[in-house]
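A.B. asks: here is a sequence together with a model predicted from it:
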Amino acid sequence: MNKELFTAACQLMTEDDHFCRMVGVELMACDISYAKVKLQLRDDHINAQGITHGGAIFTLMDMAAGVAMRNSGKVGVTLSTNITYLRPSSIGGTLYAEATLLNETRRINTFDVKLRNEEGTLLAVSQAMMYKKD
């Protein structure tokens, strides 16, 4: 697949995901088994404690892994994700999730996903296992 078609396929995946579009997830970069997405934090991403809701963080990190999975040439679904929240973030900033392939088997790809703020501070890490659909 040439670079232009590849990039178009990545963009289409993020645009066709209605939930991610509603939340505000945007594609930043993609390559084979790699993706970077961002989320500009809004008031509706904040929980009662005044920090970013864990569900918003999960969505961003899951989308990064999903796009990276698609970039490996297979359509996949999340099988398991383990997230460790290291630092909180709050309204007004931008979060970036970057997924890279850790391991690939016949049916499962495992991705390392890192979440950072605009200053580059590491806020969360996850390991996402994606099941390859036929």
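C.D. replies: Cool, the structure landed.

A.B. asks: after the helix or strand of the chain with the lowest mean pLDDT, next one along is what?
C.D. replies: Counting by mean pLDDT, DSSP states H and E, the chain has its least confident helix or strand at helix 3-16, which shows a mean of 61. Per DSSP states H and E, helix 3-16 leads on to helix 18-23 as the next helix or strand towards the C-terminus.

A.B. asks: what's that next one packed up against?
C.D. replies: With contacts defined as 3 or more C-beta pairs under 8 Å, 6 or more residues apart in numbering; DSSP states H and E, the packing partners of helix 18-23 are helix 3-16, helix 54-71. All C-beta atoms are positioned from the backbone trio N, CA, C, and that covers glycine.

A.B. asks: what about the longest one, distance to the chain center?
C.D. replies: Once both centres are worked out by C-alpha atoms, centre = their mean, to the nearest Å, helix 54-71 turns out to sit 3 Å from its chain's centre.

A.B. asks: which is the next helix or strand following it?
C.D. replies: Next along the chain after helix 54-71, taking DSSP H and E as the criterion, comes strand 76-85.

A.B. asks: which residues are contacting that next one?
C.D. replies: Strand 76-85 is contacted from outside by 54, 57-58, 61-62, 65-66, 69-70, 108-109, 123-133, using C-beta atoms under 8 Å, 6 or more residues apart in numbering.
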